[in-house]
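Q: Build me a structure from this.
(one chain, ligands or ions: 3)
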Amino acid sequence: MTAETPWEEWDHILKIDPDKELPDGITYGDLCATGTDAIEVGGTMGITEENMEAVVDACAEHDVPLYQEPSSPDVVIDNRALEGYLIPTVFNAGSPFWITGAHKEWVRIDNGLDWDRTATEAYIVMNPDADVATYTEADCDLDADDVAAYAEVAERMFGQEIVYVEYSGMLGDEDIVDAASGAVDDATLFYGGGIHDYDSAYSMAQYADVIVVGDLAHDEGVDAVRETVEAANDA
Ligand SMILES: CC(C)=CCC/C(C)=C/CC/C(C)=C/CC/C(C)=C/COP(=O)(O)OP(=O)(O)O
Ligand SMILES: O=P(O)(O)OC[C@@H](O)CO
Ligand SMILES: [Mg+2]
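A: Residues are numbered from 1 along each chain as shown. Ligands and ions are numbered 1, 2, ... in the order given. Below is the predicted model:
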């Protein structure tokens with residue numbers, strides 16, 4: 001990354017899914033102006049280079065750092081508007097493909113990756129009903145001590161700078177996020193899933209360094225997202 005580890009300064013990320021519509025009357029520019037610290041463009045299903053490019057181009061002229069979060073090597077785009085690439089690796093995936101296999105393929109087929117703009121996110125996927133859990137065959141049957149141990153392994157043994165507790169589609173268990181928070185030292189803890197208002201944002205931001213808000217932007221719009229930014233800044 002240009003500024004090494006910029007996420008250390010963040011409280012809030014807005015994740016825009018290029019496969020989902022925006023509410024009526026709302027533009028990508030409006031979403032960029034919510035006060036979020038960064039935008040991640042990504043989703044699990046229905047992702048193409050074309051819909052990725054369209055969202056990145058629409059956000060490019062606005063003053064917020066833009067990151068691509070690819071769900072597979074074939075949707076990675078080469079776009080100078082991107083500050084960088086946040087590449088998931090799923091620690092509790094059912095297949096090594098989602099831990100290192102896709103990454104190996106990416107490096108094999110792509111000549112000349114931009115390593116200075118590339119970082120990984122160590123995901124722990126917790127909602128068995130989320131597309132990402134099905135897709136990666138994740139073992140979501142984890143207690144707080146399992147999650148804490150994964151988080152510690154990610155940081156201490158695999159040198160991960162970002163640990164991501166992912167409840168995509170549902171609000172997570174505070175005790176689990178608290179345990180993950182206690183298990184990491186220098187790594188930045190991301191939490192995402194089911195944040196829908198000030199209180200749910202605040203509850204998770206007490207433990208996580210950075211909260212990630214996704215579907216709310218597509219389902220409700222900018223005022224709701226702005227509330228979550230306020231909560232992230234207050235916590
Ligand atoms: C090596 C490269 C370039 C890519 C592989 C990256 C990996 C391991 C991806 C697997 C995990 C994944 C699909 C991450 C994408 C981000 C994510 C978790 C989006 C949220 O997905 P959901 O909310 O479950 O799905 P939808 O909202 O799209 O239905
Ligand atoms: O869509 P939501 O439930 O807000 O989840 C956010 C993000 O963690 C998904 O990858
Ligand atoms: Mg989603």
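
Q: Just give me the neighbour total for the closest residue to ligand 2 within the chain.
A: Nearest to ligand 2, among the residues of the chain, is Gly192, at 2.0 Å (C-beta to the nearest ligand atom). Yep, even glycine has a C-beta here, placed from its N, CA and C like the rest. Residues within reach of Gly192, counting by other C-beta atoms under 10 Å, total 24.

Q: partners of it in the sheet?
A: With DSSP bridges as the criterion, Gly192 is bridged to Glu166, Val212.

Q: so after whatever helix or strand Leu86 lives in, what's the next helix or strand?
A: Assigned by DSSP states H and E, Leu86 belongs to strand 84-90. Next along the chain after strand 84-90, taking DSSP H and E as the criterion, comes helix 101-109.

Q: Could you tell me the angle between that following helix and strand 84-90?
A: 140 degrees (axes from the mean of the first three to the mean of the last three C-alpha atoms, to 10 degrees).

Q: What pairs with the strand holding Leu86, parallel or antiparallel?
A: For strand 84-90, pairing defined by DSSP bridges yields strand 66-68 (parallel), strand 118-125 (parallel).

Q: export the ones you listed to JSON lines and tack on mean pLDDT?
A: Compiled in JSON lines, the strands paired with strand 84-90 are given as follows (pLDDT from 0 to 100):
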{"stretch": "strand 66-68", "mean pLDDT": "98"}
{"stretch": "strand 118-125", "mean pLDDT": "98"}
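
Q: JSON lines please, covering those strands and showing distance to ligand 2 and mean neighbour count.
A: JSON lines is the format used below for the strands paired with strand 84-90 (distance: least, C-beta to the nearest ligand atom, whole Å; neighbours: other C-beta atoms under 10 Å):
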{"stretch": "strand 66-68", "distance to ligand 2": "13", "mean neighbour count": "23"}
{"stretch": "strand 118-125", "distance to ligand 2": "9", "mean neighbour count": "22"}
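
Q: who wins for proximity to Tyr167 among those?
A: Ranking the strands paired with strand 84-90 by proximity to Tyr167 (C-beta to C-beta) places strand 118-125 first, at 8.5 Å.

Q: if we look at that closest one, which residues are touching it?
A: By C-beta atoms under 8 Å, 6 or more residues apart in numbering, the surrounding residues in contact with strand 118-125 are 1, 5, 69, 84-93, 132-133, 136, 138, 140, 142, 147, 150-151, 154-155, 158, 160-166, 168, 180, 187, 190.

Q: so Leu216 makes contact with Glu227?
A: No. Checked against C-beta atoms under 8 Å, the pair Leu216 and Glu227 is beyond contact range at 9.2 Å.

Q: returning to that earlier point: quick one: which of the strands paired with strand 84-90 is nearest Pro23?
A: Short answer: strand 66-68, nearest of those by C-beta to C-beta, at 20.7 Å.

Q: Let me see the residues that make contact with the closest one.
A: Contacts for strand 66-68 (C-beta under 8 Å, 6+ apart): 38-42, 52, 56, 59-60, 76-77, 79, 81-86.
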